[in-house]
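Q: What shape does this take:
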Amino acid sequence: MARQMATLMMSAVAVAVMCVTSVCAARPAADPYSVEGRVYCDTCQAGFETSATTYIEGAMVRVDCTDRHTQELLYTAEGTTDSTGQFKILIREDQGDRVCDTILVSSPQNDCKLADPGRDRSRVVLNSNNGMISRRRFANSLGFVKDQPLAVCAQVLQQYQLTDDDN
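A: Down below sits the predicted model:
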């Protein structure tokens with residue numbers, strides 16, 4: 001009887017250890033990195049955000065981390081923008097020496113689907129070896145270009161023109 005009780009206790013302890021181990025393994029990192037940014041529609045085809053810019057809800061953004069030397073893709077995570085065009089993608093672990101970029105994937109707007117070259121990706125540092133204390137990382141805004149500029153764009157773009165006046 002004592003032997004059966006000891007075997008039963010050992011089995012119970014083994015099951016408890018396995019349950020705790022599986023729960024710990026399934027939990028996400030206790031302190032993940034957060035990559036945050038915004039996706040816009042360049043309504044004036046200016047190549048940058050203007051006062052006529054709109055922000056895109058439902059745009060897909062991806063974070064890709066590659067090996068610095070071989071460019072092999074080692075980590076990827078995706079997210080979607082909210083009603084203000086903002087995204088927040090959680091990265092579960094320090095990416096060390098990897099090169100990480102936020103990349104535009106798709107736009108739900110039929111007339112603003114073309115990714116703006118030069119505004120279609122943004123580099124982010126996802127390691128703790130750089131003097132930054134916070135695990136929040138902010139990507140530059142990412143942009144798509146509207147098929148046809150808005151009628152108001154000529155007036156909007158005048159406010160951004162530089163003059164060559166030396167006087």
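Q: hey, let's count contacts and neighbours off CA atoms from now on
A: Noted.
Q: Residue for residue, what is the longest strand the chain has?
A: Criterion DSSP state E: the longest strand present in the chain is strand 33-42.
Q: Report the secondary structure state of L157.
A: When classified by DSSP: H, G, I helix; E, B strand; the rest coil, L157 comes out as helix.
Q: Could you count how many residues lie near it?
A: Residue neighbour count, defined by other Cα atoms under 10 Å, stands at 15 for L157.
Q: So which residues of this structure form strands?
A: Using DSSP E, the strands assigned to the chain run over residues 33-42, 54-55, 60-66, 73-80, 86-91, 99-106, 114-115, 121-124, 136-138, 142-145.
Q: from memory L114 sits against D120, does it?
A: No: with contact defined as Cα atoms under 8 Å, L114 does not reach D120; the gap is 9.4 Å.
Q: Mind listing the shared neighbours of those two?
A: Common neighbours of L114 and D120, using Cα atoms under 8 Å, 6 or more residues apart in numbering, are F144.
Q: about what we covered before: tell me which of the strands of the chain sits nearest to Q158.
A: strand 33-42 (15.7 Å; Cα to Cα).
Q: Give me the below-cutoff pLDDT ranges for the chain.
A: Within the chain, the segments meeting pLDDT under 70 span 1-30, 162-167.
Q: mind redoing it with 90?
A: Applying pLDDT under 90 to the chain flags residues 1-31, 128-133, 154-167.
Q: Neighbouring strands - and their directions - for the longest strand of the chain?
A: Sheet pairing of strand 33-42 (DSSP bridges) gives strand 54-55 (antiparallel), strand 86-91 (antiparallel), strand 136-138 (parallel), strand 142-145 (parallel).
Q: picking that back up, most tightly packed of the strands of the chain?
A: The highest mean neighbour count among these, using mean count of other Cα atoms under 10 Å, belongs to strand 142-145: a mean of 27.
Q: how far is it from where the chain is centred?
A: Its chain's C-alpha centre and that of strand 142-145 lie 15 Å apart, by Cα atoms, centre = their mean, to the nearest Å.
Q: Convert it to CSV, retaining C-alpha atoms only.
A: Extracted in CSV, the C-alpha atoms of strand 142-145 (Å, rounded to 0.1, in the frame of the first residue of the first chain):
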residue,chain,number,x,y,z
LEU,A,142,5.5,54.1,-44.4
GLY,A,143,3.6,55.3,-47.4
PHE,A,144,1.5,54.2,-50.4
VAL,A,145,0.9,56.6,-53.3
